[in-house]
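Asks: what shape does this take:
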Amino acid sequence: MAEEVASTADFAYIVNAKLNGVEEKTDMLREKILALDETFFAQEEKFNKEINLIKEDIKQIKEELLSVSEGLQGILREITNLSRKEEVRAIERMVKMWEPLKFVKADEVKEMIEEALEKNKPEEKNIQHTHIG
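Replies: Residues are numbered from 1 along each chain as shown. Sure thing, here's the model as predicted:
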């Protein structure tokens, strides 16, 4: 019976030692898990901040793109209102053919006619006298 008690005591000692070893490993694993949790939560917080910054950047880029798009649409509307080179050249040709600087006012025409009549009057009198008599 003494051997049984000794072997039971040895068995209890071995089980107790193994149990202590398992507890130590469990404590170490628990510490590692806690450290990983802290690292995970810190990384998650960091990623969430970065994601929020990226979202803000995307929002700002969208606003800038909208502004640029509106500006381009305004420019396109203005361009469609501008004359094309061909149109301007056609108008230039018409103006050259029309020669607006050579036009005279009605008053100038009347004055030119009156001057011409005045010059011709003395000749007409001379022609009439010679013809009559």
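Asks: this protein: strands as residue ranges?
Replies: Remark: no strands are assigned in the chain by DSSP state E.
Asks: which residues of it score low on pLDDT?
Replies: 1-6, 100-101, 122-133 (pLDDT under 70).
Asks: biggest helix in it by residues?
Replies: helix 2-81 (DSSP state H).
Asks: helices or strands up against that helix?
Replies: The helices and strands touching helix 2-81, judged by 3 or more CB pairs under 8 Å, 6 or more residues apart in numbering; DSSP states H and E, number zero. Backbone N, C-alpha and C define where each C-beta goes, glycine included.
Asks: and residue 109, how far is that from residue 35?
Replies: With distances taken as CB to CB, to the nearest Å, residue 109 is found 107 Å from residue 35.
Asks: let me redo that: residue 112
Replies: 110 Å.
Asks: again with residue 53
Replies: Relative to residue 35, and taking CB to CB, residue 53 is found at 27 Å.
Asks: thank you kindly, that will do.
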